[in-house]
Structures are given as C-alpha cells and as structure tokens.
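Enquirer: Turn this into a model:
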Amino acid sequence: MMASQEGLSTQAEGTALKIRKVTKRYGAVPVLNGIDFELREGEFLTLLGPSGSGKTTLLKIIAGFEHSDAGRLVLGGEDMTRMPPSRRDIGMVFQNYALFPHMTVEENVAFPLRMRSVPRREIPGRVRQFLEMVDLGEFASRYPAQLSGGQQQRVALARATVFGPRLLLLDEPFGALDRRLREAMQLQLRELQLRLKLSTIFITHDQEEALIMSDRIAVMRDGRLQQVAKPEHLYRRPVNEFVANFVGEANILSGTVAEDGAGRRCLRLEGGQMFPLPASKGTTGQPLSVLLRPEHPSPVPPGDEPDSTITGRISKVIYLGTTIKYLFEAENGLELHFRRQASHREEVLPVNTPITLGWSSRDLHLLQ
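Expert: Down below sits the predicted model:
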C-alpha cells in the first residue's frame, strides 16, 4: 500500500531530508519495504508504530549505523546513502542516554565540539549556552551518576544539539521516565527544537506523545508507511482501519453501501441497521468500513432528530477524571463506546441505563 502523504513537498527547496524507496531485509525477512517521504526544514516529524514496525531500523539507516538494501537518502541536497556516520553531521538521543560516566556534564556536552575541532576558546561559551537552554547551568561539574534520569536526558539532548547538527534523531528518548517527567521533557524538547529550528525525526509508539509534539506523523506497520499527515488530519481522516485504531480510540462500523427509503446512501450493517453516509459516498453493494470517533455519538435529547440513531443500554462506565467513557450495547448486539465530559452538572449514567445514541452523517469517515 502506498502511504498517504498529505501536503508532501516535491520541491528541493525547504526539504531537509529525502528518503526514497528505502528497503531493508534481514535474510529472508523484509523489515522496510519501499519507505518514501520527505522531512521539511525545521520540521518535527514523528515515526509512530508498534514494536516491529521498522521505526528503529529506519532511524539506524538514516544515522548510518546500518545500510539499506535499496533506495537513497539525501540530506541537504547531498546523497548520504553510503556515507559513514561520522560525516553525516547528525545528532542522536537514545532512551539509555549514552553519557560518558567518567566525564562531567560539561565535558560530555563539549565532547562533540572537540571531535569537530571547534576552536578551544569557543567551547566553554557554547557549552554554557546549551546547558542554560536545558536548565542545567548549575550542574556543569557533576557526573552523570549524580543526576536524575530526567537531568541525564537533558544532558544527552544538549550534547546532541550543541554542534548545530543538520538533523536530530531521537529514539524513544523518554521511554524510561515517569509520566510527569516525560510530559515536562516533551515540552522542553519541543521548545528547544523550535528555538534552534532543528529538522527532527522522533520515534515513539505512544500515540499521545506523537500528537502532542509533532508537525507531522508518519505511521508505520510491518515495514511500510501507512500515512504521513499533520496530527489533526491523521486523527480525523485516517486512511485505513489500522491508522484509525492506532491513533486514538475508534468505533469501526463495517457493512455494505445501500439506499434507504429517502434515496440516501447508507451503510447497511449485517443486522440490517442503516446509517446515512456523508455526501452520498460509496457505490450500492460496495463493502465499506467507516470510522466513528467516541466523541461524536451522544445521548439524543427529546425532540432531536440526528441523521443516525441507535437504541440500547450502558454496559460499562469508566471514569477517567476529566472525561467519562461509556461502553454501549445496542439491542441488535452492536457495541460502541462514547465519551462525555465529566462535570458536576452532568450525572454519570449507571450501568444498564437504557439510552438512544445519535450522530451526524458528517461524523462518519470512510476508510480504505
């Protein structure tokens, strides 16, 4: 399947990295299959996918730690497909930090500058500048073992950016941090990336992290790109069922296209239930799956007549603090979940409450 790439630039100008038809196999096992996309100058792009989708292998190929079997990599107009890692001028941050334990914070951050023969008199000022950017100015003389996990990660981030790399790669850098610290680091990384205008590729399997941080997200599965798009486009208009389920929660309704008595195109479920489709989409008799996000179905007030309704009962209630998630079972056995904002003005619906849910045909998104 060709990945959907919303807004993909075809111009060399404004493009930091071009990845063209990159393929990789380990023996007979395909790991990457024709990966093809562009990273724009100053863009924060996230590779999102489950374990085994090929994210880390692709990052290693970009960094030069592994070579592709086919395809090309072009960084800043220069072909780097077979270029050694030391010549690629790429900064990297890993989950395990990879700091030198025998060096102080200051020495760790200065290391890439010394390796690039930056004039000695310039190094202390540059190091101080980047330690201040990551709020570690007072920790310059400490050793990694004297720092918390979050502080070590910030040292790694300063070291990866202090030399002004053409590209920054991050492989699940916050995976070992607790939730509160991870959220703080997400904001700090994004602020630093925007300030330095760094072209960045970030790996995660955490959909929320990807949605929060990214200019665009590239969803991967089994070594293939499924879709490349802005976060809001990816959430609202996923190309297929995998993307719909992987990015956010999803109700997937499957059936065939039919016409109702009013001549409207509808999705007919196996049990005969008919739901009008947006803008008369689909061909009669065509198999079809549609996405209904859980924020769209809602209890139907008396007198309202939404495009679609279904009657059933509440089968489960999950309190999530700011929202309440309800599992709904229809009289015909169809199961849906929907969400409501939690507030003192709205009662929590108990299990077994009879209810009619409704939604607009515009809330349905057709999947490939």
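
Enquirer: Below-threshold pLDDT in the stretch 251-368 of the chain: ranges please.
Expert: 280 (pLDDT under 70).

Enquirer: what kind of secondary structure is the residue in the chain sticking out farthest from the centre in?
Expert: Distance from the centre of the chain peaks at residue 261, with 42.0 Å (CA atoms, centre = their mean). The three-state label for residue 261, taken from DSSP: H, G, I helix; E, B strand; the rest coil, comes out as coil.

Enquirer: So which residues of the stretch 51-200 of the chain form helices?
Expert: Along the stretch 51-200 of the chain, the stretches classed as helices by DSSP state H, counting those that start in this stretch are 55-63, 105-115, 123-133, 149-161, 179-196.

Enquirer: Identify each buried residue in the second one, please.
Expert: When you say that, I think you mean helix 105-115. For helix 105-115, burial by neighbour count (16 or more other CB atoms under 10 Å) applies to 105-113. Just so you know, the C-beta spots here come from the backbone N, C-alpha and C atoms, and that holds for glycine as well.

Enquirer: before we move on, what about the longest one?
Expert: Of the residues in helix 179-196, 181-182, 185-186, 188-190, 192-193, 196 count as buried by neighbour count, 16+ other CB under 10 Å.

Enquirer: and if you look at stretch 302-309?
Expert: Buried, per 16+ other CB under 10 Å, within stretch 302-309: 306-308.

Enquirer: and what of stretch 138-150?
Expert: 139-140, 143-144, 147, 150.

Enquirer: Check stretch 248-266 too.
Expert: Across stretch 248-266, burial judged by 16+ other CB under 10 Å covers 248, 250-251, 253, 255-258, 265-266.

Enquirer: quick one: strands adjacent to the host helix or strand of residue 34?
Expert: Secondary structure here is read from DSSP states H and E; on that basis residue 34 sits in strand 29-40. Each strand that strand 29-40 pairs with, and the sense of that pairing, follows from DSSP bridges: strand 15-26 (antiparallel).

Enquirer: what mean pLDDT does the strand it pairs with have?
Expert: Predicted confidence along strand 15-26 averages 97 (mean pLDDT).

Enquirer: quick one: contacts of it?
Expert: By CB atoms under 8 Å, 6 or more residues apart in numbering, the residues outside strand 15-26 that reach it are 9, 30-43, 54, 57-58, 61-62, 66, 68-76, 166-167, 199, 201, 223.

Enquirer: Tell me which two of the buried residues of helix 179-196 sit farthest apart.
Expert: Greatest spacing in these, by CB to CB: 181 and 196 (22.1 Å).

Enquirer: Give me the phi and psi angles of the most centrally placed residue in the chain.
Expert: Within the chain, one residue has its C-alpha closest to the average C-alpha position: by CA atoms, centre = their mean, that is residue 210, at 3.2 Å. Summarising the backbone geometry of residue 210 under the convention degrees, to the nearest 10, its torsions are phi -60, psi -40.

Enquirer: contacting residues for it?
Expert: Taking CB under 8 Å, 6+ apart as the definition of contact, the neighbours of residue 210 are 46, 48, 202, 204, 217, 231, 247.

Enquirer: can you pull the buried residues of stretch 343-354?
Expert: The neighbour-count check on stretch 343-354 (16+ other CB under 10 Å) flags 349, 353 as buried.

Enquirer: Alpha carbons of that stretch, as CSV, please.
Expert: Once non-C-alpha atoms are left out, stretch 343-354 reads as follows in CSV (Å, rounded to 0.1, in the frame of the first residue of the first chain):
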residue,chain,number,x,y,z
SER,A,343,-18.7,17.8,35.3
HIS,A,344,-20.7,18.5,38.4
ARG,A,345,-23.6,19.5,36.1
GLU,A,346,-23.9,16.1,34.4
GLU,A,347,-24.8,12.9,36.1
VAL,A,348,-22.9,9.7,35.5
LEU,A,349,-25.1,7.3,33.7
PRO,A,350,-25.2,4.0,35.6
VAL,A,351,-24.8,0.6,34.0
ASN,A,352,-27.9,-0.8,32.4
THR,A,353,-29.4,2.7,31.7
PRO,A,354,-31.5,2.5,28.5
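
Enquirer: What are the contacting residues of that stretch?
Expert: Under the contact criterion CB under 8 Å, 6+ apart, stretch 343-354 has outside partners 299, 311-317, 319, 324, 326, 340, 342, 355.

Enquirer: ranking those residues by neighbours, who comes first?
Expert: Within those, most neighbours by other CB atoms under 10 Å means residue 326, with 23 neighbours.

Enquirer: what about that one, which SS state?
Expert: Following three-state DSSP, the label given to residue 326 is strand.

Enquirer: Wait, it touches residue 317, no?
Expert: Yes. Under the criterion of CB atoms under 8 Å, residue 326 makes contact with residue 317 at 5.9 Å.
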